[in-house]
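**Q** coordinates for the following, if possible.
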Amino acid sequence: MNTQTEQTEPTRVFIVDDHPLVRTGMKQLLGQDPSLTVCGEAETVDEAINNIEQSRPHVVLVDLALPGVNGMQLIKHIKKHWLGVKIIVVSTYDETVYGPLAAECGADCYINKHEAMDEIIKAIHAATTYDFGQTTSCRKVSRWFG
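**A** Here you go, the predicted structure:
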């Protein structure tokens, strides 16, 4: 049973990245999939925490390199305060080093920004359907993510 096709509303995605160009690119990428909608964005952890509550995302895309408090702390905060929200790390950091750390903090998947852009969409669908086998990037690090 594919829960993605049975949903009555699009999957709500919140983007956390300190680079405006990256956020704009992700919004354009996600806008190509009618089953996804960007419900909010932030460039810092504080901004994300302040906006996630009213945005009610299903999935949060988190960069690890953020000004001030890093993305790992945001992941922990999200998992503690918003049960059921899926977290996908989208970072340039090496997933063999940072993937296990992100998983320990509660991330569901790790996508390197050097991966093909469609991997982000696949990872979002995988996170919402609990089928991490459909994305190469999540399969590579699945030993860390459940």
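**Q** residue ranges with poor pLDDT in this structure?
**A** Residue ranges of the chain with pLDDT under 70: 1-7, 130-146.
**Q** what about the strands in it?
**A** Applying DSSP state E to the chain gives strands spanning 11-16, 36-42, 59-62, 86-91, 109-112.
**Q** possible to save those strands as TSV with distance to Gln73 and mean neighbour count?
**A** Yep, even glycine has a C-beta here, placed from its N, CA and C like the rest. Shown next, in TSV, are the strands of the chain (distance: least, Cβ to Cβ, whole Å; neighbours: other Cβ atoms under 10 Å):
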stretch	distance to Gln73	mean neighbour count
strand 11-16	12	24
strand 36-42	14	20
strand 59-62	10	27
strand 86-91	12	25
strand 109-112	16	27
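**Q** okay, these in a markdown table with distance to His77 next?
**A** Converted to a markdown table, these look like this (distance: least, Cβ to Cβ, whole Å):
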| stretch | distance to His77 |
| --- | --- |
| strand 11-16 | 11 |
| strand 36-42 | 12 |
| strand 59-62 | 11 |
| strand 86-91 | 10 |
| strand 109-112 | 18 |
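**Q** so which of those strands comes closest to Leu30?
**A** Ranking the strands of the chain by proximity to Leu30 (Cβ to Cβ) places strand 36-42 first, at 4.7 Å.
**Q** need the residues that contact the closest one.
**A** 10-17, 23, 26-27, 30-31, 48, 50-52, 55-57, 121, 124 (Cβ atoms under 8 Å, 6 or more residues apart in numbering).
**Q** if I look at the closest residue to Gly31 other than its chain neighbours, how far off is Leu61?
**A** Take Gly31 and drop its neighbours on the chain: the residue closest to it by Cβ to Cβ, 6 or more residues apart in numbering is Val38, 7.2 Å away. Distance of Val38 to Leu61, given as Cβ to Cβ, to the nearest Å: 9 Å.
**Q** now for those two: what residues contact both?
**A** Common neighbours of Val38 and Leu61 (Cβ under 8 Å, 6+ apart) are 13-15, 26.
**Q** show me which of the residues you listed is closest to Thr129.
**A** Among these, Val13 lies closest to Thr129 (Cβ to Cβ), at 14.5 Å.
**Q** isn't that closest one right up against His125?
**A** No - between Val13 and His125 there is no contact, the gap being 11.0 Å when judged by Cβ atoms under 8 Å.
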